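Colleague: all I have is the shape, not the residue letters:
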Ligand SMILES: Nc1ncnc2c1ncn2[C@@H]1O[C@H](COP(=O)(O)OP(=O)(O)OP(=O)(O)O)[C@@H](O)[C@H]1O
Ligand SMILES: [Mg+2]
Ligand SMILES: [Zn+2]
């Protein structure tokens, strides 16, 4: 692939910590932490100076062990969490010149509603379980400014059909759906406003294997059709292997290795990555 | 022994505090102002929010009208009138035009309000986004960010379910192009009376400890969709069986003998006034 183009998303020095820090750990002095954790004050340095770029039409994989900061990173990018430092730029907003983290909360909502979609590991975080599947799609469309029921229903049906929700179940509540179906409704919702950027956090974790495969297939198909950029996070390297063009590896809140996915699988540099790849074989 | 009451039941400090919250509510149309709701000799949920507003505002020269779902004579309305009458000695009236202060549950009178009047509405559930978002902390943020998707989503869901917007009462409104507000359980028919009102409209929720306001001449728009415009209860070709009025909010009455459905004004004092005028 050819990456001479401008990135869709650039993230620079993203920092996120849980806790105020102390004299021992301030500045995240790596040698004084146990993994990402300060033994003196209990602060967790969940993301440390994370920088990366996502290009148009690519799938970027983020892999790392449990607790390495992957979900925190995604939450920061979708403004579910406030960052402690760093910047993010997206090309579709103010010519890619404004640091999204510094925008007002109203502007952040605007960016989220118009330029991003996110699928959570836990569907209850993004779906209103007591509203209809169609209503869940409409929520994002309404938030993006639509006030036309007919058009929203048509769009909702189109998207739900695309993710294989049978039309006679579209007015049902996701509460009654299986885990795989809930993930598919989430995907439809995330895609509803045609976002240039889709964030996926452990979309298949907890699903049984055949359902996993169908959800991953669906993501791949949709990404090809729409040509959108995707960041997919997983602790499971096989998911990354199947989908991602490029991959970066996180450990204790830091990015330790990045490159083309094939490259990383064939020739991992960092001992942790080597271990991860070995476990896949 | 007779109990000696403070004028209008509350001590002056309490009244002042409620009035301060009220002033803030007037300054920010449609915004729910928290206040320290007080214990009342009637149970919360029976209009204590409205009652506290009325008691904080009432002066010796006021003329008070109290209505409960259109009726001046319901037990609830009578109880409230008694409490206010006893503790203030002010005049009580049933005539909308004569009243300076009107406390009402679930209706706005049919006779257009005029400048200088204050209408106090009793509110059970002040939060228009509650159905969508159970947490008060979250709904406060949604109001601050003017994020009202949830209010429209509620209407969208009704349309998916019933084919039309099914809010019988308490249909949400956008006030002054800024805050989405629960107008209290008035019928949709009354929503238009909120818009560009001559009178000051105050809303009080006792249990939820909120006061909010629609000042005179404020724009109030009922939420709807391009292809599902807001409509009021249809009373086409219907007239009151007692006074013959048209174009007002009607109650249905069933004639046991003929099996016919008849209509009469829900606002009984309006109906009575028309009957009296007819008799001359
Ligand atoms: N709200 C929180 N308060 C305190 N610490 C937190 C909070 N959320 C996450 N953490 C900590 O931050 C670190 C990163 O957590 P995160 O959930 O981002 O990891 P992850 O890579 O997504 O893990 P997993 O693969 O298990 O989902 C962990 O050490 C976690 O304990
Ligand atoms: Mg995670
Ligand atoms: Zn510390």
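Modeller: Everything's here; your move. It should be emphasised that the depicted structure is a prediction, and the values quoted were computed from it without experimental measurement. Ligands and ions are numbered 1, 2, ... in the order given.
Colleague: quick check: residue B:221 vs residue A:164, distance?
Modeller: According to CB to CB, to the nearest Å, residue B:221 and residue A:164 sit 40 Å apart. Just so you know, the C-beta spots here come from the backbone N, C-alpha and C atoms, and that holds for glycine as well.
Colleague: scratch that, residue B:166 is what I was asking about
Modeller: Using CB to CB, residue B:166 is found at 31 Å from residue A:164.
Colleague: swap in residue A:79?
Modeller: 30 Å.
Colleague: comparing residue B:221 and residue A:164, which residue is more hemmed in?
Modeller: Of the pair residue B:221 and residue A:164, residue B:221 is the one with more neighbours under other CB atoms under 10 Å in any protein chain shown, namely 16 against 12.
Colleague: can you pull the contacts of residue B:21?
Modeller: B:33, B:34, B:35, B:211 (CB atoms under 8 Å, 6 or more residues apart in numbering or on different chains).
Colleague: please narrow those to those residing in strands.
Modeller: B:33, B:34, B:211 (DSSP state E).
Colleague: which of the three states applies to the residue positioned nearest the centre of chain B?
Modeller: With distances taken as CA atoms, centre = their mean, residue B:121 lies nearest the centre of chain B, 3.2 Å away. Three-state assignment for residue B:121 (DSSP: H, G, I helix; E, B strand; the rest coil): strand.
Colleague: tell me if I'm right that it and residue B:47 touch.
Modeller: No. Between residue B:121 and residue B:47 there is no contact under CB atoms under 8 Å: 9.5 Å.
Colleague: what do the two both touch?
Modeller: residue B:105.
Colleague: the one residue in the stretch 51-200 of chain B that gets nearest to ligand 3 in helix, strand or coil?
Modeller: In the stretch 51-200 of chain B, no residue comes nearer to ligand 3 than residue B:137, which is 28.7 Å away by CB to the ion. Secondary structure, three-state DSSP: residue B:137 is helix.
Colleague: if I pick it, what's in contact with it?
Modeller: So residue B:137 contacts nothing (CB under 8 Å, 6+ apart).
Colleague: now do it against residue A:25, distance only.
Modeller: For residue B:137 relative to residue A:25 (CB to CB), the value is 30 Å.
Colleague: check the secondary structure at residue B:95 for me.
Modeller: Residue B:95 is classified as coil under three-state DSSP.
Colleague: stretch A:267-276 vs ligand 1: in contact?
Modeller: No. Shown here: stretch A:267-276 not in contact with ligand 1 (CB under 6 Å from any ligand atom), separated by at least 12.5 Å.
Colleague: next one: stretch A:114-124
Modeller: No. Using CB under 6 Å from any ligand atom, stretch A:114-124 stays clear of ligand 1, with a minimum separation of 6.9 Å.
Colleague: give me the distance between that stretch and the centre of its chain.
Modeller: 7 Å (CA atoms, centre = their mean, to the nearest Å).
Colleague: so the residue in the stretch 101-250 of chain A that ligand 3 sits nearest to, which of the three states?
Modeller: Going by CB to the ion, ligand 3 is nearest to residue A:250 of the stretch 101-250 of chain A, at 21.2 Å. Counting by three-state DSSP, the backbone at residue A:250 sits in strand.
Colleague: then residue A:255?
Modeller: Per three-state DSSP, residue A:255 ends up strand.
Colleague: that one against residue A:53, yeah?
Modeller: No. Shown here, residue A:255 and residue A:53 do not form a contact pair, counting by CB under 8 Å, at 11.9 Å.
Colleague: of these two, who's got more company?
Modeller: residue A:255 (22 against 16).
Colleague: any idea how far the more buried one lies from ligand 3?
Modeller: 22 Å (CB to the ion, to the nearest Å).
Colleague: what is the burial count for the residue of the stretch 101-250 of chain B at minimum distance from chain A?
Modeller: Per CB to the nearest CB, residue B:149 is where the stretch 101-250 of chain B lies closest to chain A, at 4.2 Å. By the measure other CB under 10 Å, the count of residues near residue B:149 is 22.
Colleague: for it, grab phi and psi.
Modeller: phi -50, psi -40 (degrees, to the nearest 10).
Colleague: need the contact list for it.
Modeller: Residue B:149 neighbours (CB under 8 Å, 6+ apart): A:139, A:142, A:143.
Colleague: what are the phi and psi values for the first one?
Modeller: Backbone torsions for residue A:139, taken as degrees, to the nearest 10, come to phi -50, psi -50.
Colleague: and the top helix by length along chain B, what's buried?
Modeller: The longest helix of chain B (DSSP state H) is helix B:12-27. Neighbour-count burial for helix B:12-27, counted by 16 or more other CB atoms under 10 Å in any protein chain shown, picks out B:14, B:15, B:17, B:18, B:21, B:22, B:24, B:25, B:26.
Colleague: pLDDT added to those residues, as TSV?
Modeller: TSV is the format used below for these (pLDDT from 0 to 100):
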residue	pLDDT
B:14	91
B:15	93
B:17	95
B:18	96
B:21	97
B:22	98
B:24	98
B:25	98
B:26	98
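Colleague: compile those into JSON lines and extend it with columns for distance to residue A:279.
Modeller: Listed next are the buried residues of helix B:12-27 as JSON lines, based on distance: CB to CB, whole Å:
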{"residue": "B:14", "distance to residue A:279": "69"}
{"residue": "B:15", "distance to residue A:279": "72"}
{"residue": "B:17", "distance to residue A:279": "66"}
{"residue": "B:18", "distance to residue A:279": "67"}
{"residue": "B:21", "distance to residue A:279": "62"}
{"residue": "B:22", "distance to residue A:279": "66"}
{"residue": "B:24", "distance to residue A:279": "61"}
{"residue": "B:25", "distance to residue A:279": "62"}
{"residue": "B:26", "distance to residue A:279": "66"}
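Colleague: need those in TSV (columns: distance to ligand 3).
Modeller: Output for the buried residues of helix B:12-27, formatted as TSV (distance: CB to the ion, whole Å):
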residue	distance to ligand 3
B:14	49
B:15	52
B:17	45
B:18	48
B:21	44
B:22	49
B:24	43
B:25	46
B:26	49
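Colleague: nearest to residue A:36, of those residues?
Modeller: residue B:24 (45.6 Å; CB to CB).
Colleague: I figured the closest one hits residue B:33, correct?
Modeller: Yes. Between residue B:24 and residue B:33 there is a contact at 4.8 Å, judged by CB under 8 Å.
Colleague: rounded mean pLDDT for stretch A:144-154, please.
Modeller: Stretch A:144-154 carries an average pLDDT of 97.
Colleague: hmm, that stretch touching chain B?
Modeller: Yes. Stretch A:144-154 is in contact with chain B by CB under 8 Å from any CB of the partner chain, via A:147, A:148, A:149, A:150, A:152, A:153.
Colleague: which other residues reach that stretch?
Modeller: A:113-114, A:134, A:137-138, A:141-142, A:192-193, B:152, B:156, B:159-160, B:225-228.
Colleague: in which helix or strand does residue 49 reside?
Modeller: I'll assume chain A. strand A:44-55 (DSSP states H and E).
Colleague: not quite, I wanted chain B
Modeller: helix B:48-57.
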